[in-house]
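S.K.: Please find the sequence and the predicted model below.
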Amino acid sequence: MSEHELTIRVADLDYGSKEYEFVVRAPWIRGALEDHDATTNGEDGHLSVRASKSGPDVIVSGDLVATLSTTCGRCLGPAQFTVKSKIQALFVPKAKLIPAKKGKKDEEYELSADEADMLAFDGENVVLDDLVRDELVLETPMIPLCSEDCAGIAPPPGSNPSVDAEEKPLDPRLAALLKFKNEV
Ligand SMILES: [Zn+2]
């Protein structure tokens, strides 16, 4: 993943909230989901958000839509699904997240439960890239299906499920045990 593409300049919000329409580009999705099962289906996604300041913090809310391509969990063929998510996050300046005095300097600041939806920003730009990526990952179904009634992989004609088990060589230690058991 390289450049951030989904950024909001906080200075633009000084005079009130603003609406943003971002194209979530297919190449961006490909890069962002590099280590993930699903990827872009070649089409751009879309992110529309409203951003507003609340003191030093920035509130972002809106909608994310993107269609991703993945592998069907039943037939292993190509499958697509569309992510339609509500995005909501509170960005707080990094400086505010670092506790002034805590004794331990280099330790990461741990968010308490009610701060879990908070994300940090550098004070100038709110970057939505990670938020969008996480949402795409989160919304990927555990077992994606190419269609609701996917029949799965058809067993090859004439196949016998028990053949599979017999083909695997038995662990020699297990074989010895079995032999022992049979002799007793
Ligand atoms: Zn399928």
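M.R.: Nice, I can see it. Numbering: from 1, shown residues only.

S.K.: which residue is nearest the centroid of the chain?
M.R.: With distances taken as Cα atoms, centre = their mean, Val137 lies nearest the centre of the chain, 1.6 Å away.

S.K.: For my notes, confirm that residue occurs in a helix.
M.R.: Yes - counting by DSSP: H, G, I helix; E, B strand; the rest coil, Val137 is found in a helix.

S.K.: Which residue comes closest to it once chain neighbours are left out?
M.R.: In space, and not counting its chain neighbours, Val137 is closest to His36: 5.6 Å by Cβ to Cβ, 6 or more residues apart in numbering. To be clear about C-beta, it is placed using only N, CA and C from the backbone, and glycine gets the same treatment.

S.K.: tell me the contacts of the one you found?
M.R.: Going by Cβ atoms under 8 Å, 6 or more residues apart in numbering, His36 touches Leu136, Val137, Thr140.

S.K.: Among the residues you listed, which one sits closest to the ion?
M.R.: Thr140 (15.6 Å; Cβ to the ion).

S.K.: measure the residue nearest to that closest one when sequence neighbours are not counted to the ion for me?
M.R.: Nearest residue to Thr140, sequence neighbours excluded (Cβ to Cβ, 6+ apart): Ala38, at 4.7 Å. Using Cβ to the ion, to the nearest Å, Ala38 is found at 15 Å from the ion.
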